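# sequence and computational prediction follow.
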Amino acid sequence: MSHIVDNLAAVHARIAEAARSAGRAPDSVRLLAVSKTFPAEDVRAAFAAGQRAFGENYVQESLSKIEALADLRSALEWHFIGPLQSNKTRPVAEHFDWVHSVDRLKIAQRLSEQRPDGLPPLNVCLQINVSGEASKSGVAPAEAPALARAIAALPRLRLRGLMSIPEPAGDLQAQRAPHRTLRTLFETLVAEGLDEGVELDTLSMGMSSDLEAAVLEGATIVRIGTAIFGKRDYSH
């Protein structure tokens, strides 16, 4: 497990360097360790190295992992970052702290209705399809303001900001372009204002291959899996 400790340190160094290049404080960027397909023991090892926020894409896999790590529950922050079908919203509403992948009102309404009263509001981000790919989830940028207003009005949810998964790009400048699109949309939403009491503060963007570009464009959460845990094996 020492590779996880070393990898976490290397990722933190990359974030810090990118933040300094952007004239930002390194601690203005949160690291979300994407643990999908990796076992609970790897999450435990990352936790021992100081990591607290973990991202999961698959409902069933994540529930068994959350259960296996129940002894750490109060110290861990679980983020659901994958596509969410309406028949899977209840366990996510009951067990997660964040959902980054809300892309339609029906999903948000179900999460709101199914969030247990005893838990804090569920933090949510709107997933935006910045690259316009037909295969990608996410709402079109033009539709985001109306959806954001509708979601901000729902009880037991707290709208925090925007998320995107742009298509891969080669060099740094090409990688920055879709992140800039998301940041511009975020700034527009902030400037227009939503409901009173709604303060958007989150730009969830950037992965192992493009975290520098994302940080340069204002990411507040980067979602890093491979660079921490290693190459994924999807065969199981």
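Yes, it's here.

# what's I228 in contact with, if anything?
Contacts for I228 (C-beta atoms under 8 Å, 6 or more residues apart in numbering) come out as 4, 7-8, 11, 33-34, 46, 51. Every C-beta, even on glycine, is put in place using the N, C-alpha and C of the backbone.

# quick check: closest non-adjacent residue to it.
Nearest residue to I228, sequence neighbours excluded (C-beta to C-beta, 6 or more residues apart in numbering): N7, at 4.8 Å.

# average pLDDT across the host helix or strand of that neighbour?
Secondary structure from DSSP states H and E places N7 in helix 2-21. Helix 2-21 carries an average pLDDT of 96.

# swap in stretch 119-131?
pLDDT averaged over stretch 119-131 gives 95.

# buried residues in it, which are they?
Judged by neighbour count (16 or more other C-beta atoms under 10 Å), stretch 119-131 contains these buried residues: 122-131.

# so which of those residues sit within strands?
Among these, the members found in strands (DSSP state E) are 122-127.

# any weak-confidence spans in this structure?
Applying pLDDT under 70 to the chain flags the ranges 195-196, 236.

# what's the helix holding N7 packed up against?
Counting contacts by 3 or more C-beta pairs under 8 Å, 6 or more residues apart in numbering; DSSP states H and E, helix 2-21 packs against strand 30-34, helix 40-48, helix 211-216, helix 226-229.

# quick check: A227 touching V11?
Yes - if you go by C-beta atoms under 8 Å, A227 and V11 touch, sitting 5.3 Å apart.

# so for those two, which residues contact both of them?
Shared contacts of A227 and V11, counting by C-beta under 8 Å, 6+ apart, come down to L211.

# surely the residue nearest to I228 meets T226?
No - contact criterion C-beta under 8 Å: N7 and T226 do not qualify, at 9.3 Å.

# quick one: which of these two has more around it?
Counting neighbours by other C-beta atoms under 10 Å for N7 and for T226 shows that N7 has the greater number, 20 against 13.

# which residues does that one contact?
N7 neighbours (C-beta under 8 Å, 6+ apart): 227-230.

# state the distance from G225 to L84.
As judged by C-beta to C-beta, to the nearest Å, G225 and L84 stand 18 Å apart.

# quick one: the strands in the protein, in order.
With DSSP E as the criterion, the chain has strands at 30-34, 53-56, 77-80, 98-102, 122-127, 157-163, 202-204, 221-224.

# tell me, how many residues neighbour the closest residue to D117 other than its chain neighbours?
Excluding the flanking residues, the one nearest D117 by C-beta to C-beta, 6+ apart is R156, at 7.7 Å. Using other C-beta under 10 Å, R156 has 16 other residues around it.

# over to D201?
Number of residues near D201 (other C-beta under 10 Å) recorded here: 9.

# what backbone torsions are found at it?
D201 adopts backbone torsions of phi -140, psi 10, taken as degrees, to the nearest 10.

# what sits against it?
So D201 contacts 160-161, 220 (C-beta under 8 Å, 6+ apart).

# what is the nearest of the residues you listed to A169?
Nearest to A169 among the contacts of D201, counting by C-beta to C-beta, is T220 at 20.8 Å.

# residues touching R14, list them.
Listed by C-beta under 8 Å, 6+ apart, the contact set of R14 reads 211-212, 227.

# on that earlier part again, quick check: the residue nearest to D117 touching L122?
Yes - counting by C-beta under 8 Å, L122 is a contact partner of R156 at 6.5 Å.

# overlap of the contact sets of those two?
In contact with both R156 and L122: 111-112, 115, using C-beta under 8 Å, 6+ apart.

# distance to A18 added to these, as TSV?
Formatted as TSV, the shared contacts of R156 and L122 follow (distance: C-beta to C-beta, whole Å):
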residue	distance to A18
L111	32
S112	35
R115	34
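
# thanks a lot, catch you later.
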